[in-house]
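>>> coordinates only, sequence not included:
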């Protein structure tokens, strides 16, 4: 069976895209090993994912960057972290409200990730997902390269934590360095990675001729 034609056109997401992006992310995360461990009940899993992801994506479109392919088959969700910037919206209140019986497990996940998170200014890759029908065609790499061009103009590093060795290896191919894995309480491993800051090229000033 032939794969759908690949369109690598990438654009910024808008609030009108939140529902479609939420469906894409929830569909990909439904089979993720960490998600399945934290949300073992399939019905609860998809409900909780939709609730939490909709809040996260909507907030990031407003305060960070969400890149999508033209046909919404791939997405990269990036947050900016600086001491004076907006806080991540999914705090304990949201987890208690939306996550039901999984709230304690998701809180433990956040705490584990926070143990790796830098408090210096950086960009954070929250989600990188491609619909299964479009995977292994280089689309994830295109989404990464687009934002790397933006970040490299700021001189900020990038941090992320991923849930599979395949995603870890993909990011390593794009210049990320893997740290020692993080261990969830009685759960699978998480893979923290970072991409070092690229120095901002100096502005060259030319003296006006006399």
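Done, it's in. Given the structure is predicted, the values throughout are model-derived calculations rather than measurements.
>>> who's in contact with the closest residue in space to residue 175 that isn't next to it in sequence?
Counting by Cβ to Cβ, 6 or more residues apart in numbering, residue 175 lies nearest to residue 195, which is 5.4 Å off, once chain neighbours are set aside. All C-beta atoms are positioned from the backbone trio N, CA, C, and that covers glycine. By Cβ atoms under 8 Å, 6 or more residues apart in numbering, residue 195 lies in contact with 148, 151, 157, 158, 159, 171, 174, 175, 176, 177.
>>> Between these, which sits nearest residue 141?
residue 174 (6.4 Å; Cβ to Cβ).
>>> Count the residues that sit near residue 26.
21 (other Cβ atoms under 10 Å).
>>> so where does it fall, helix or strand?
Assigned by DSSP states H and E, residue 26 falls within helix 18-29.
>>> contact partners of that helix?
So helix 18-29 is contacted by 13, 35, 46, 49-50, 53-54, 57-58, 61, 66, 68, 72-75, 77, 127, 129-132 (Cβ under 8 Å, 6+ apart).
>>> Give the buried residues for the least confident helix or strand in the chain by mean pLDDT.
Ranked by mean pLDDT, DSSP states H and E, the helix or strand of the chain with the weakest confidence is helix 92-98, at a mean of 72. Buried residues in helix 92-98, defined by neighbour count with 16 or more other Cβ atoms under 10 Å: 94, 95, 98.
>>> do you know how far the last one is from residue 129?
It stands for residue 98. 20 Å (Cβ to Cβ, to the nearest Å).
>>> show me where this protein has strands.
10-12, 65-69, 74-81, 122-130, 158-162, 177-178, 182-183, 189-195 (DSSP state E).
>>> Which of the buried residues of helix 92-98 sits closest to residue 163?
Taking the buried residues of helix 92-98 together and measuring to residue 163 by Cβ to Cβ, the closest member is residue 95, at 17.9 Å.
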